[in-house]
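1. just need the structure, nothing else, for what follows:
(one chain, ligands or ions: 2)
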Amino acid sequence: MTDLRGRSFLTLLDYTPEEILYLLDLADKLKADKKQGITHDLLKGKNIVLLFEKTSTRTRCAFEVAGYDEGANVTFLSNSQMGKKESIEDTALVLGSSYDGIEFRGYAQDTVKMLADKSGVPVWNGLTDDYHPTQVLADTMTIREHFGDIKGRKLVFAGDARNNMGNSLMIVSAKLGMHFTAFAPKELWSDDISCVEGADAVYTDIWVSMGEEDQMDERIRLLKPYQVNKELMDRTGNPDAIFLHCLPSFHDANTEISKAVQEKYGFAEMEVTDEVFRSPNSLVFDEAENRLHSIKAVMCATLGNEPNKILD
Ligand code: CP
Ligand code: NVA
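-> Ligands and ions are numbered 1, 2, ... in the order given. Now for the predicted structure:
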């Protein structure tokens, strides 16, 4: 049986297909058990710190609830000294001496790597500029839940293909045998819409990621033709194609940023239209729920007390 205890989770490049499938199986089992009111105390007695440089709703809440469900004590830390008054290495040594596991969300992949190298405890990447591995675990969990399989499916990513989400989806697709296509401006990837034909799943992400807010005008100009709308979904030729998004999403005028965009450009729907976002083919809130179960799987597999005892 696969044994990931003691491992960090920094990018799926470090994981074999078998190890990723093991995490998905564990996530499915933890989800099914939670639905029946069963938890296992797999993280009982463990202290976990969630270190955030960037904002979050889903990732922070999923790590907290997953920890609580399995008996861990969780600290949320968003105003640490790290980087300003204390080096990443010193911070890693300090946190590693008090905590059994560290989640990090921030800018540089090198930071999460340094935390893993120096802390002596498992470190989990909750998003960097380069990768978002816990997100794509939830995404592939959702795809498998919906279709019953992953291998051979076609996933189209429309929009900002050179970022953390595009990178991570491409990696997980290669690992699990999905056909990955990016529909994006030529400088970012393929700009021929025929590449969406035959898609089983269409994925997009916001056009301006955290830390890139000053590039809003350029991104809107560049990415508007790659919006996921009904026309693009129709071009898949597959009425059963699902829509996926890591969230948060600008699909209506109900946020401060989309209101400002509407005032300036005359539209509020950016990477996806409200129609597609709210359509029956949209599984975006299933993905969001699956963040909890898949993050729990990662924590239990790498830090848990006998995680395999709950698998047959
Ligand atoms: N998808 C995702 O990571 O959401 P948050 O930014 O809210 O954590
Ligand atoms: N690319 C987005 C993902 C958010 C979950 C960002 O980095 O802001």
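2. number of nearby residues for whatever residue of the stretch 151-300 of the chain ends up closest to ligand 2?
-> Per Cβ to the nearest ligand atom, residue 209 is where the stretch 151-300 of the chain lies closest to ligand 2, at 3.3 Å. The C-beta positions use only the backbone N, C-alpha and C, and glycine is treated the same way. Look at residue 209: counted by other Cβ atoms under 10 Å, it has 18 neighbours.
3. same check, this time on residue 127
-> By other Cβ under 10 Å, 27 other residues sit near residue 127.
4. and the pLDDT at residue 296?
-> Residue 296 carries a pLDDT score of 98 in this model.
5. got the phi/psi numbers for residue 203?
-> phi -120, psi 140 (degrees, to the nearest 10).
6. what residues does the stretch 201-312 of the chain put near ligand 1?
-> Residues of the stretch 201-312 of the chain lying close to ligand 1 by Cβ under 6 Å from any ligand atom are 246, 247, 248.
7. same thing but 8 Å
-> Within the stretch 201-312 of the chain, the positions near ligand 1 by Cβ under 8 Å from any ligand atom are 210, 246, 247, 248, 288, 291.
8. contact residues of the stretch 51-200 of the chain facing ligand 2?
-> Proximity of the stretch 51-200 of the chain to ligand 2 is confined to 54, 56, 58, 59, 127, 129, 132, 135, 160, 163, 164, 165 under the rule Cβ under 8 Å from any ligand atom.
9. sorry, back to before: only whichever of the residues of the stretch 201-312 of the chain next to ligand 1 are buried, select them in PyMOL.
-> Remark: buried members of these, expressed as a PyMOL selection using 16 or more other Cβ atoms under 10 Å:
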select buried, resi 210+246+247+288+291
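10. contacts for stretch 58-70?
-> 34, 39-44, 46, 48, 50, 52, 73-74, 76, 103, 105, 124, 126-127, 134-135, 247, 288, 291-293, 295-296, 299-300, 304 (Cβ atoms under 8 Å, 6 or more residues apart in numbering).
11. and what of stretch 203-222?
-> With Cβ under 8 Å, 6+ apart, stretch 203-222 has contacts from 54-55, 107, 129, 139, 155-160, 163-166, 169, 185, 223, 226, 228, 243-246, 248-250, 261, 265, 270-272.
12. among these, which are in helices?
-> Those of the contacts of stretch 203-222 mapping onto helices are 139, 164, 165, 166, 169, 223, 261, 265, per DSSP state H.
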